[in-house]
Structure formats: C-alpha cells, structure tokens
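Engineer: Have a look; sequence and predicted model below, questions after that.
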Amino acid sequence: MTLAPGTIAPPFDLAAGDGDRARISLADLNAEGPALLAFFKSSCPVCRLSFPIWGELARRYGTAVAVVAVSQDPLAKARSWLDEADFLAPVVDDSDGFATSRAYGVDTVPTLVLVGADGRIVDASQGWDRKRANDLDLTLAELTGLPSAGPVSTASDGLPAYRPG
C-alpha cells in the first residue's frame, strides 16, 4: 500500500523521457511546487482509461503542479503509450527494478501520489475512482490558488465510476 498522507516522500532522481531534462528528481519538482506522481505500466487496462484524466490535470494546472508519469516500462515504450493516452506531461523511468515504486509502496497501478511543496505526501490512491479524481482536481485548485474548471470526469464521459488497479 502507498505511503500515508503526512509521510515524507522518498527522494528519487530518474531518467526522463522528455527533451528539456535528462533527469527529474523529486527535489527539482518540489522546488517548483507540488507534484502529482502517476505510477503506471502500459499493459495496465485501468491505466489506459485513467491517464487521459491525469493528462487533463497537467493541462489545467500547467506549471503550478508538476504532473509526472512514473513508468514501470522503459522510456521508449512509455512515451509512445502516454502520447496515445493524451498524456503530454513528463515521464520518468522506474523500469530497472522499480526502486521508486517500491519506496512509495506501490503494489498496483495506477497509483497516484500527490506530494506537497514541503515534500510530504498530501494524498495517495490506487486504481480509478471518479469521485477521488474530481476531489484531486479540487485539492490541486486549493493548493495552487487556481480555479477548478469543473469535474475532470462525469457519468457522461464513458468512464466507469470505479475500477481497481
């Protein structure tokens, strides 16, 4: 199970699959503010249905929240899969032994971990849950002072209300 809210988030420094940075660390992310870490594997069907929503959060909050995919697949496979899922935010490579996933207590994907600018875990969840996704949007709005654009998922978007990871 993922680490509890209030826990100091484990540091990491991983290879990045995006042109502007070769590596991304939690310290770098937290220097800019809160970070939303989205752990995934491309073979995960629940990741496939939820990652467009996490991509929408990245678009909504821009640089106010660093949304980063933490891949349990090699970067080349991960980036093409994320592009198909309309997730255009950065991706880091945790495929060599899953050390970061283990440090965060990730035992299923997708797992989301919101780390505050102070380096403490604000929230963590596993699988897909529409209510939690919408609550996460409101939490990000509160943390950043930016307005929410409304729910990121509704009953009419074709997504299920809940799917375990």
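Structural biologist: Received, thanks.

Engineer: Ignoring the adjacent residues along the chain, who's closest to residue 68?
Structural biologist: In space, and not counting its chain neighbours, residue 68 is closest to residue 90: 5.0 Å by C-beta to C-beta, 6 or more residues apart in numbering. (Each C-beta comes from the backbone N, C-alpha and C, glycine too.)

Engineer: and the residue most central in space within the chain, what element?
Structural biologist: Nearest to the mean C-alpha position of the chain, counting by C-alpha atoms, centre = their mean, stands residue 38 at 2.2 Å. Using DSSP states H and E, residue 38 maps to strand 35-40.

Engineer: what does that strand rub up against?
Structural biologist: Outside strand 35-40, the residues within contact range by C-beta atoms under 8 Å, 6 or more residues apart in numbering are 26, 29, 47, 51, 54, 57, 65-72, 78, 87, 94, 101, 104, 106, 109-115, 136, 140.

Engineer: again, only this time at 6 Å
Structural biologist: With contacts defined as C-beta atoms under 6 Å, 6 or more residues apart in numbering, strand 35-40 is touched by 29, 47, 54, 65-70, 101, 106, 109-115.
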